[in-house]
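# sequence first, then the predicted structure:
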Amino acid sequence: MARFVLVHGAFGGAWCWEPLVPALQSAGHTVEAIDLPGSGADTSPVAEATLDNYAERTCAALGRGERAILVGHSMGGVVITQAAARHPEDVAMLVYVAAFMPADGQSLLDLTKLPEAAGDGVQANITIDGDPPVATLSEEGWRTVVLGSCGDELVGWAIERGRPQPVVPFATPVSIPAGALDGVWRAYVYCSQDRAIMPALQRRMMREHPCVDVVEIATDHSPQLSATTELAAALERFAALVAAAPAKASAAP
């Protein structure tokens, strides 16, 4: 059985994985969902919500057990990339769930400026203020952009738990030492109805960072909530790949 470490995206927390965790645990997997600094139930001040601290928090989770399948949602894709670049030996596979996949020297904001990102609904539904700056997602943004395939009850549950998102991690480029991720497998969960990370951008990132497997789900930006069963099946499929070829999982495909 596999070990999963789950990293949430912007405005989220470990809470966003709550429907998914039991499905993976019931299949015999070990699962840990973390709160990034200043997110979810974590009380770190905004000034400590940096990409460096996000990566360190993730690396600490990786170090608490056997080599893990590291899963990132949305902004969490940037975080898992940076964490894996620091400790690739702790990562069995990187899984991007409707997530950003940056290259060395590339930030989340850089990716949102690509032509394929045009039309995303996040930009029109956030307000930014404060110092350090913090972004707040409107209720409309939650309902139509992030959780467009979810029912009202689930949308309300998520909005109640969501928090404003520090902006500094968006603008920070990842730093990947030469060759650090060459031996790390990647897989992607492509959400074809996503309005936060446009499908065209997801496809471009997959072209630029080849994946050993891709699963498409016809849902919104948050399949862990809107398509829990389908996402659990995708993660089980990725875990089976790692289990079937453990030696190859430490070498480039």
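Sure thing, it's come through.
# can you map out the helices along this protein?
20-26, 51-62, 76-86, 108-112, 139-141, 152-161, 168-171, 199-208, 223-226, 228-244 (DSSP state H).
# in the stretch 151-253 of the chain, which ranges drop under the pLDDT threshold?
Where the stretch 151-253 of the chain drops to pLDDT under 70, the residues are 246-253.
# so who does L70 touch?
Residues near L70 by Cβ atoms under 8 Å, 6 or more residues apart in numbering: V5, V7, T58, L62, I80, A83, A84, V91, A92, M93, L94, V95. The way it works is simple: take the backbone N, C-alpha and C, and place the C-beta from them, glycine included.
# the third one: how many residues sit nearby?
Around T58 sit 26 other residues, with neighbours defined as other Cβ atoms under 10 Å.
# can you pull the contacts of it?
For T58, the contact set (Cβ under 8 Å, 6+ apart) comprises V5, V7, I34, L36, L70, V79, I80, Q82, A83.
# out of these, the closest to A23 would be?
Among the contacts of T58, V5 lies closest to A23 (Cβ to Cβ), at 16.0 Å.
# what pairs with that closest one across the strands?
V5 has these beta-bridge partners by DSSP bridges: E32, L70.
# residue numbering should commence at 40 henceforth.
In the new count, where the first residue is 40, that last one comes out as V44.
# quick check: pLDDT value at it.
pLDDT, V44: 98.
# distance check, it against S83.
Note on V44: its distance to S83, by Cβ to Cβ, to the nearest Å, is 19 Å.
# comparing those two, which residue is more hemmed in?
When neighbours are counted by other Cβ under 10 Å, V44 and S83 differ, and V44 comes out ahead with 24 against 16.
# against S113, how distant is the more buried one?
Distance, V44 to S113, by Cβ to Cβ: 16 Å.
# likewise for R202?
14 Å.
# the more surrounded of these two?
Per other Cβ under 10 Å, whichever of R202 and S113 has more neighbours is S113, with 27 against 18.
# so who does the nearest residue to the more buried one once chain neighbours are set aside touch?
Leaving aside its sequence neighbours, S113 sits nearest to G48 (Cβ to Cβ, 6 or more residues apart in numbering; 2.8 Å). Counting by Cβ under 8 Å, 6+ apart, G48 touches C55, G111, H112, S113, M114, G115, G116, A138.
# the residue lying closest to L193 once chain neighbours are set aside: neighbour count?
Nearest non-adjacent residue to L193, counting by Cβ to Cβ, 6+ apart: L264, 5.9 Å away. L264 has 24 neighbours, counted by other Cβ under 10 Å.
# over to R96?
Residues within reach of R96, counting by other Cβ under 10 Å, total 20.
# so who does Q145 touch?
P212, V213.
# again, only this time at 6 Å
For Q145, the contact set (Cβ atoms under 6 Å, 6 or more residues apart in numbering) comprises P212.
# need the pLDDT of it.
Predicted confidence (pLDDT) for Q145: 98.
# and the gap between it and G116?
Per Cβ to Cβ, Q145 is found 11 Å from G116.
# show me which of the contacts of T97 is closest to S65.
Of all the contacts of T97, V44 has the smallest distance to S65: 18.1 Å, by Cβ to Cβ.
# surely that closest one meets E71?
Yes: using Cβ atoms under 6 Å, V44 is in contact with E71, at 5.3 Å.
# overlap of the contact sets of these two?
Counting by Cβ under 6 Å, 6+ apart, the shared contacts of V44 and E71 are A100.
# out of the contacts of G48, which end up buried?
For the contacts of G48, a burial check counting by 16 or more other Cβ atoms under 10 Å picks out C55, G111, H112, S113, M114, G115, G116, A138.
# out of those, flag the one nearest to V173.
Using Cβ to Cβ, M114 is the member of those that lies nearest V173, at 13.9 Å.
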